[in-house]
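>>> Sequence and predicted structure are below.
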Amino acid sequence: GFMLLTLMALHRTQREQAALGEAHDAIAGRIAVETQLHQEQQERMAELSDRLHAALGDNYRILRELGGGGMSRVFLAEEARLGRRVVIKVLPPDMAAGVNAERFEREIQLAASLQHPHIVQLLTAGANADLAYYVMPFIDGPSLRQRLVARGPIETGEALSIASRVADALTYAHRMGVVH
């Protein structure tokens, strides 16, 4: 009986070790893939940063990437001459094919045409070879999501005030032909 139990325990331990080995191999493989993807992302970022510097010259110093959307990347930068923080929205070359470039140009034209106290203004725009960009003021502070997480639900009066300002800006934009 004792020998049989010992053999069963040993067999179970060997199966568990084999399963652990397989899990370890899977994790190691996933880490290798993630490392490769991270490296490729860093290389693309460095290439984009070089192109962005070539397009902007010494006028702006890129501080960090803030994020990106479906067709663009957004960077926090410092405007060298005035020492102010700005946001630079870029259409990277790999996203500049056809429709995206036209759409980005329409976005620039549209942003430049909107002059309203509750809409962030476009400061400047440009393009260098295959890299289009525009610059807007950086509005420091938390996003609505960050605000909700940090402090909980917004009180009714504040919510109505925010909604009123957003509605005012959307009404203006709609009058200017923008459908959002």
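In hand now; what should we look at?

>>> contacts, neighbours, all on C-alpha from now
OK.

>>> residue ranges with poor pLDDT in this protein?
1-21, 23-26, 28-29, 32-46, 69-70, 95-99, 129, 180 (pLDDT under 70).

>>> give me the element the residue positioned nearest the centre of it is part of.
Central residue of the chain (CA atoms, centre = their mean): residue 67, 1.5 Å from the mean position. Assigned by DSSP states H and E, residue 67 belongs to strand 60-68.

>>> Tabulate the CA atom coordinates of the very next helix or strand once past that strand in PDB.
Going down the chain from strand 60-68, the next helix or strand is strand 73-79, by DSSP H and E. Below are the C-alpha coordinates for strand 73-79, written out as PDB (Å, rounded to 0.1, in the frame of the first residue of the first chain):
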ATOM      1  CA  ARG A  73      -0.200  60.300 -32.300                       C
ATOM      2  CA  VAL A  74      -0.200  63.000 -29.700                       C
ATOM      3  CA  PHE A  75       2.800  64.400 -27.900                       C
ATOM      4  CA  LEU A  76       3.400  66.900 -25.100                       C
ATOM      5  CA  ALA A  77       6.100  69.400 -26.100                       C
ATOM      6  CA  GLU A  78       7.700  72.600 -25.000                       C
ATOM      7  CA  GLU A  79       7.700  75.500 -27.400                       C
END
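
>>> distance between the next helix or strand after strand 73-79 and the chain's centre?
Downstream of strand 73-79, the next assigned helix or strand under DSSP H and E is strand 84-91. In terms of CA atoms, centre = their mean, to the nearest Å, the centre of strand 84-91 is set 12 Å apart from its chain centre.

>>> okay, the angle between the next helix-or-strand element following strand 84-91 and strand 84-91?
Going down the chain from strand 84-91, the next helix or strand is helix 99-113, by DSSP H and E. Inter-element angle recorded for helix 99-113 and strand 84-91: 150 degrees (by axes from the mean of the first three to the mean of the last three CA atoms, to 10 degrees).
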